[in-house]
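**Student:** Generate a structure from the sequence data that follows.
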Amino acid sequence: MFRNLNQMIDQWLALEQKSQGARLEPWSYSQTNQYPKINLFEQENKVVLTAEIPGLNKADIELKVQGDQLSISATPPVNEEPPEAYLYRERGFTKFSRDIRFDFNIDAEQVEAQYEDGVLSVTVVAEASEQPKTIALA
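**Tutor:** Next comes the predicted model:
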């Protein structure tokens with residue numbers, strides 16, 4: 001009995017998702033590349049993005065802003081040790097790129113970024129034309 005109920009709920013949820021489209025609110029991001037994992041939070045009139053990207057130098061990381069999109073990419077330094085030198089290896093060193101799309105155009109002149117102890121922090125602000133304005137009544 002409960003199996004049928006679970007199937008019905010799953011089918012209903014699948015239909016509900018299709019009817020709403022594949023949108024993520026308030027920010028959306030590329031589904032194909034999910035590294036590095038990020039956190040986004042609001043702080044006053046700014047949005048702060050943090051990402052854990054250990055093992056890189058500041059020079060290895062590239063940030064680009066265009067319209068409502070922030071792109072993070074990095075090319076780690078080439079590892080000089082041959083693969084046979086490892087007894088055991090889990091950590092990989094590959095190039096990555098991740099695009100984060102906001103629900104506002106980013107003011108590129110006000111973007112602040114820092115990289116410390118393997119954590120990238122980027123603060124973005126909406127363009128002045130996108131920020132709300134208070135209108136005085138005459």
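**Student:** Could you look up the SS state of residue 87?
**Tutor:** Taking DSSP: H, G, I helix; E, B strand; the rest coil as the rule, one finds residue 87 in the coil state.
**Student:** Can you give me the neighbour number for it?
**Tutor:** Neighbours of residue 87 under the rule other CB atoms under 10 Å: 5. Quick note: C-beta positions are derived from backbone N, CA and C, even for glycine.
**Student:** Now do the same contact list for it.
**Tutor:** Applying CB atoms under 8 Å, 6 or more residues apart in numbering to residue 87 gives no contacts.
**Student:** Next up, the contacts around the spatially closest residue to residue 58 that is not a sequence neighbour.
**Tutor:** Sequence neighbours aside, residue 115 is the residue nearest to residue 58 in space, at 5.1 Å (criterion: CB to CB, 6 or more residues apart in numbering). Taking CB under 8 Å, 6+ apart as the criterion, residue 115 is in contact with 53, 56, 58, 61, 121.
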